[in-house]
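Participant: Model the structure of this input:
(one chain, ligands or ions: 3)
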Amino acid sequence: MALLNSIRGPADVRRMPEAELPALAEEIRELLVRTVSRTGGHLGPNLGVVELTIALHRVFNSPHDRILWDTGHQAYVHKLLTGRVEGFERLRQRGGLSGYPSRAESEHDVIENSHASTALCYADGLAKAYALTGQTDRAVVAVIGDGALTGGMAWEAVNNIAAAKDRPVIIVVNDNGRSYAPTVGGIADLLSGLRTAGPYERFLAWGKNTVRQTPVVGQPVYDLVHAVKAGLKDLIAPQALFSGMGLKYLGPVDGHDVAAVEAALRRARGFGGPVLVHCVTEKGRGWAPAETDEQDKMHSYRRTDPVTGGRIPATTPTWTEVFGAELGALAAERPELVAITAAMLEPTGLEQMQAKFPERVFDVGIAEQHAVTSAAGLAMGGVHPVVCLYATFLNRAFDQLLLDVALHSCGVTFVLDRAGVTGDDGPSHNGMWDLSILQVVPGLRIAAPRDAATLRRALREAVEVTDGPTVIRFPKGTPSADLAVASQVDGLDVLVAGEPEDVLMVCVGALAGLGRQVADELAEAGLGVTVVDPVWVRPVNPAIAGLARRHRVVVTLEDGGRAGGVGAAIAQELRDARVTTPVHTMGLPQRFLEHGKRAEVLADCGLTTPEITRRIKEVVPARRRSR
Ligand SMILES: Cc1ncc(C[n+]2csc(CCOP(=O)(O)OP(=O)(O)O)c2C)c(N)n1
Ligand SMILES: CC(=O)[C@@H](O)[C@H](O)COP(=O)(O)O
Ligand SMILES: [Mg+2]
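Facilitator: Ligands and ions are numbered 1, 2, ... in the order given. From the prediction side, this is the model:
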């Protein structure tokens, strides 16, 4: 790794002789495969941008020039070229490098938010600021994937960037034709048309010049070739979409040819206005197991069977797999069910339904806002949509849920995977806001299953609801074994009946298992703990008030933000019911949580058996004196 180790920053990349760049790329790929196969992370996306990133840092002078990465999962090479070779081995580890750009790590990093389709908006803002403050010598470059380009925010930005002819913004489209799966929709077709037009255009240019110079027959043949080109204008019309808006289009460029990318970027830089450089790359490039991975080109690294090269199935079904299997069964029973994904069909468990009923599964691209409002349209049309998102990405479509789905009392079911702490992908990927923001949506019901059995049950109950939105949320990973139910009280599952009735623990979702463990610990200390799980956490089950009256303290436990969460809603309900039993809510703090393993982050937030036990002991009021 001699070349890579010689790089302390972009200046060293710019000084490196062109002849050494292929070897540098080789060293980078070797380090990516060796590291990410141990730490996990986005191997395919980063293998695909090695040459592109080298070229970017040879043409632009970061951090004076700003290089923005959309989504940021493909910024490992950027990190290696900006002085972070040392420490790279602790990628995505707690206290180590983030898997996304991080301003705390480097002045070369700008966007920490891992939500897609934002980079062009930042670029528009930065360019305006530089124009207003006279920093017009600073280039603004935004790298956006073809998948992220299907997000609405990207086009809101293009609309503004293209309008300012004298305000340079360089948009670099990293077009590998895929999000996880092949990118869908008209934008994918547009880019594909441009990819095709490139060689065709070059051939025509060669043909025109060569033919025209041929004596006698040259001109008539040239006229014929020209007519052919004019007749095939639809092959080059895609460029018109950009140029028609005032956005200069350069490309398509081979994104693995450093010299070609450099040349295009220098042209773009010299243009002095809004320009789009269309780079064609290959996701997973340079490592056969990723290149041949038909599922997602190792978007996220996973171990593969050394013999078959295929993925190694999990021994215990994950939350996602439990959901996918149940939805597949439900879809066979209920023809009115349809499913919507925002470019994450496999990650949200829709393969089974896709395989059985492909016409009833819609991949809308990375377009959560469209996904939600189109679901309202689907519901109004008489079908029952199941919108499958990662919990954190629902944030982006809150208005659509509130005023397109709930306002119209549409029967739409939202399945939020990766709810609660996800950990590895850092602050913007934790699904820790849904339980709070959804509390304000009139008519909306929320279920937080604690295990596979309650997930199946809640899903079946949710798709029965046709007069408003239902939400089912579950965490990353694998559910515990199904928890036994001691009894039921008006729809409340009583997991442990406390004797005496000292503490009432209302557990939300997967943390019910933790509640059981805490009850055992407190029993050792002579405290009787009743553990209940409502499964449907909104609206608040009124039976909680009755139980609360009989206990000395109520403790709520949720894998979501404490602020405005389920615990806060329960406390409000008890106040309204004039229940005086004190309530202590336990959940995630109101701060952004740094990356680490899920268990590590939960422990940092005090959500462990010992810590919860300790805190409850502190808040249990003394026993009332018997009269
Ligand atoms: C708003 C949002 N929705 C979904 C995701 C999940 N996600 C992360 S990367 C990715 C695919 C990105 O595709 P592309 O932009 O083409 O980048 P590539 O991985 O191909 O380099 C998706 C859907 C996200 N990060 N943000
Ligand atoms: C950037 C990206 O792809 C994220 O959506 C994230 O990587 C998902 O990670 P998991 O699917 O492993 O939770
Ligand atoms: Mg892509």
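Participant: Quick check: Leu378 touching Val338?
Facilitator: Yes - counting by Cβ atoms under 8 Å, Leu378 touches Val338, with 6.0 Å between them. C-beta: built from backbone N, CA, C; applies to glycine.
Participant: intersection of neighbour lists for those two?
Facilitator: Between them, Leu378 and Val338 share the neighbouring residues Pro385, with contact defined by Cβ atoms under 8 Å, 6 or more residues apart in numbering.
Participant: Which residues of this structure lie near ligand 1?
Facilitator: Counting by Cβ under 6 Å from any ligand atom, the chain comes close to ligand 1 at 45, 71, 73-74, 114-116, 145-148, 174, 176, 178-180, 283, 299, 342-344, 366, 368, 393, 396.
Participant: Show me these that map onto helices.
Facilitator: Pro45, Glu368, Phe393 (DSSP state H).
Participant: I'd like those as JSON lines, with neighbour count and pLDDT appended.
Facilitator: Formatted as JSON lines, the entries for those read as follows, by neighbours: other Cβ atoms under 10 Å; pLDDT from 0 to 100:
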{"residue": "Pro45", "neighbour count": "29", "pLDDT": "98"}
{"residue": "Glu368", "neighbour count": "29", "pLDDT": "98"}
{"residue": "Phe393", "neighbour count": "22", "pLDDT": "98"}
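Participant: From those, pick the one nearest His584.
Facilitator: Phe393 (31.0 Å; Cβ to Cβ).
Participant: ok, so what distance separates that closest one from ligand 2?
Facilitator: With distances defined as Cβ to the nearest ligand atom, to the nearest Å, the gap from Phe393 to ligand 2 amounts to 8 Å.
Participant: Would you mind listing what in the stretch 1-150 of the chain touches ligand 2?
Facilitator: So the stretch 1-150 of the chain meets ligand 2 at Thr71, His73, Ser114 (Cβ under 6 Å from any ligand atom).
Participant: Surely the last one touches Gln74?
Facilitator: No - between Ser114 and Gln74 no contact is recorded; they are 10.9 Å apart, counting by Cβ under 8 Å.
Participant: ok, these two, which is more surrounded?
Facilitator: Gln74 (26 against 21; other Cβ atoms under 10 Å).
Participant: For whichever residue of the stretch 451-600 of the chain sits closest to ligand 2, which three-state class applies?
Facilitator: In the stretch 451-600 of the chain, the residue that lies nearest ligand 2 is Lys476 (5.4 Å; Cβ to the nearest ligand atom). Reducing the assignment at Lys476 to three states with DSSP: H, G, I helix; E, B strand; the rest coil gives coil.
Participant: Please apply the same query to the one 5 residues further on.
Facilitator: Assigned with three-state DSSP, Ala481 falls in the coil class.
Participant: Give me the neighbour count for it.
Facilitator: 10.
Participant: circling back: run through the residues that contact the residue of the stretch 451-600 of the chain closest to ligand 2.
Facilitator: Lys476 makes contacts with Trp319, Asp417, Arg418, Gly420, Thr422, Gly423, Arg598, as judged by Cβ under 8 Å, 6+ apart.
Participant: switch the cut-off to 7 Å
Facilitator: For Lys476, the residues meeting the contact criterion (Cβ atoms under 7 Å, 6 or more residues apart in numbering) are Arg418, Thr422, Arg598.
Participant: Out of those, which are close to ligand 2?
Facilitator: Those of the contacts of Lys476 which are also neighbours of ligand 2 are Arg418, Thr422, as judged by Cβ under 6 Å from any ligand atom.
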